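J.: Next comes the sequence, and after it the predicted model I'd like to discuss.
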Amino acid sequence: MSRIGKLPIAIPAGVTVTIADDNKVTVKGPKGTLERTLSPELTIKEENGHIEVTRPNDTKRIKSLHGLTRTLINNMVVGVTDGYQKALEINGVGYRAFKQGNKLTLNLGYSHPVDMIDPEGIETVLDGQNKVIVKGIDKEKVGQYAAEIRGKREPEPYKGKGIKYADETIRRKVGKTGKK
């Protein structure tokens with residue numbers, strides 16, 4: 001058995017989980033609603049406050065889907081109760097961020113400011129001028145939007161300028177040395 005797939009998912013108070021015939025899982029909680037259609041080959045059951053995912057056989061494909069399906073449902077449950085967030089730091093002289101409505105404006109050393117509009121269900125919050133926090137209930141969307149922001153100016157290895165995740169460490173390189 002999959003070590004992750006066989007673990008039951010506890011449903012916290014205030015969260016309702018609906019499982020349709022075609023394995024369409026809908027999770028409603030205090031922060032919002034998430035829907036996802038999962039693989040029809042697996043069996044998803046809700047029993048006395050827990051969700052269990054079982055598999056019909058032990059083929060390689062089904063075994064890999066087992067753990068994935070359980071994790072996706074768990075991420076939905078955590079998302080509607082606590083939500084997800086990713087913190088980004090902007091490093092560099094003159095590099096800063098501004099927020100106006102749902103538009104995030106980044107000054108990253110280009111000849112023009114970079115404007116990004118928050119996708120639906122995602123919110124960006126500024127902590128000072130050089131820290132951006134991306135929040136939302138869908139883990140996948142939060143991670144994708146944070147990666148898109150980071151992609152506007154990835155950190156370079158010599159001075160460390162650019163946008164990096166708060167928990168990321170940049171491997172620094174030694175610069176050139178002068179001739180003698």
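T.: Received, thanks.
J.: then the helix or strand hosting Thr69 to PDB, C-alphas only?
T.: For Thr69, the host element (DSSP states H and E) is helix 60-81. Coordinates of each C-alpha in helix 60-81 appear next as PDB, following Å, rounded to 0.1, in the frame of the first residue of the first chain:
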ATOM      1  CA  LYS A  60       2.300   1.100 -11.300                       C
ATOM      2  CA  ARG A  61      -0.100   3.800 -12.700                       C
ATOM      3  CA  ILE A  62      -2.800   3.100 -10.100                       C
ATOM      4  CA  LYS A  63      -0.200   3.100  -7.300                       C
ATOM      5  CA  SER A  64       1.100   6.500  -8.300                       C
ATOM      6  CA  LEU A  65      -2.400   7.900  -8.600                       C
ATOM      7  CA  HIS A  66      -3.300   6.600  -5.100                       C
ATOM      8  CA  GLY A  67      -1.000   8.900  -3.200                       C
ATOM      9  CA  LEU A  68      -1.500  11.800  -5.600                       C
ATOM     10  CA  THR A  69      -5.300  11.700  -5.200                       C
ATOM     11  CA  ARG A  70      -5.100  11.600  -1.400                       C
ATOM     12  CA  THR A  71      -2.700  14.500  -1.400                       C
ATOM     13  CA  LEU A  72      -4.900  16.600  -3.800                       C
ATOM     14  CA  ILE A  73      -8.000  16.100  -1.600                       C
ATOM     15  CA  ASN A  74      -6.000  16.900   1.600                       C
ATOM     16  CA  ASN A  75      -4.600  20.100   0.000                       C
ATOM     17  CA  MET A  76      -8.200  21.100  -0.800                       C
ATOM     18  CA  VAL A  77      -9.300  20.600   2.800                       C
ATOM     19  CA  VAL A  78      -6.300  22.500   4.200                       C
ATOM     20  CA  GLY A  79      -6.900  25.300   1.600                       C
ATOM     21  CA  VAL A  80     -10.500  26.000   2.600                       C
ATOM     22  CA  THR A  81      -9.700  25.900   6.300                       C
END
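J.: Packing partners of it?
T.: Under the contact criterion of 3 or more Cβ pairs under 8 Å, 6 or more residues apart in numbering; DSSP states H and E, helix 60-81 touches strand 9-10, strand 24-29, strand 32-37, strand 50-54, helix 139-151. For the C-beta atoms, the positions are set from N, CA and C on the backbone; glycine is no exception.
J.: Show me what counts as buried in the top strand by length along the chain.
T.: Scanning the chain for the strand with the most residues, using DSSP state E, yields strand 84-91. Residues of strand 84-91 classed as buried: 84, 86-91 (neighbour count, 16 or more other Cβ atoms under 10 Å).
J.: now swap in stretch 131-146 and tell me
T.: Buried, per 16+ other Cβ under 10 Å, within stretch 131-146: 132, 134-139, 141-142, 145-146.
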